[in-house]
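K.L.:
please find the sequence and the predicted model below.
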Amino acid sequence: MGKPRRKQPDTIEDLLAPDRVWVTPCGCWLWLGGDDGYGDAFGLGAYGRILRPGTRTVEPVHRYVFRTFKGPIPEGYDVDHMCAKWAPDPRVVRKCVNLDHLQAIPPLLNQQLKLFRRKGWGTFDLNFDNEGDPREMPPVPSPILAPGERENEICL
């Protein structure tokens, strides 16, 4: 028989064991356990996986960590990696399990942020809080008049 299976981390100290996560200089805690296998040959782009406690099914490790250490995930929400906004390659941070880097957001916002990040925009470049600088409206062009028509006869 093989060695006994380790239980899922239920404290931050268990989660930060050297054989479970690698703490990067930017503060990400990259999961060293299993993944979903959808990454490239180097593991880039794959989400970390963990067994659900008491079952034989797996779930994404960042959702498990969020639910275990931060609280329940609202129904239908996704767990977003905020660290993707400053990472040179957002695929790398899919295995990040740092509690400060995870947030529960609606799926539509998650998809929009994913598209911004693929285009090279970090969310620090976008200002969601303020309306921004007021812009001057361009001048209204004068209407094109038919021969013999006067501007005050036009009904819009």
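P.N.:
Alright, I've got the coordinates. From a predicted model like this one, the values you see are computed outputs, not experimental measurements. Numbering: from 1, shown residues only.
K.L.:
please count neighbours and contacts with C-alpha atoms only from this point.
P.N.:
Noted.
K.L.:
using the three-state scheme, assign A104.
P.N.:
strand (DSSP: H, G, I helix; E, B strand; the rest coil).
K.L.:
and it, what does it touch?
P.N.:
A104 sits next to 73-74, 77-80 when contact means Cα atoms under 8 Å, 6 or more residues apart in numbering.
K.L.:
redo those residues as TSV? Include pLDDT and secondary structure.
P.N.:
As requested, these are exported to TSV (pLDDT from 0 to 100; DSSP: H, G, I helix; E, B strand; the rest coil):
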residue	pLDDT	secondary structure
I73	92	coil
P74	92	coil
Y77	93	coil
D78	92	strand
V79	92	strand
D80	90	strand
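K.L.:
which of these are buried, as a ChimeraX select command?
P.N.:
Of those, the buried ones can be selected in ChimeraX as follows, counting by 16 or more other Cα atoms under 10 Å:
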select :73,78,79,80
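K.L.:
count of neighbours near L108?
P.N.:
11 (other Cα atoms under 10 Å).
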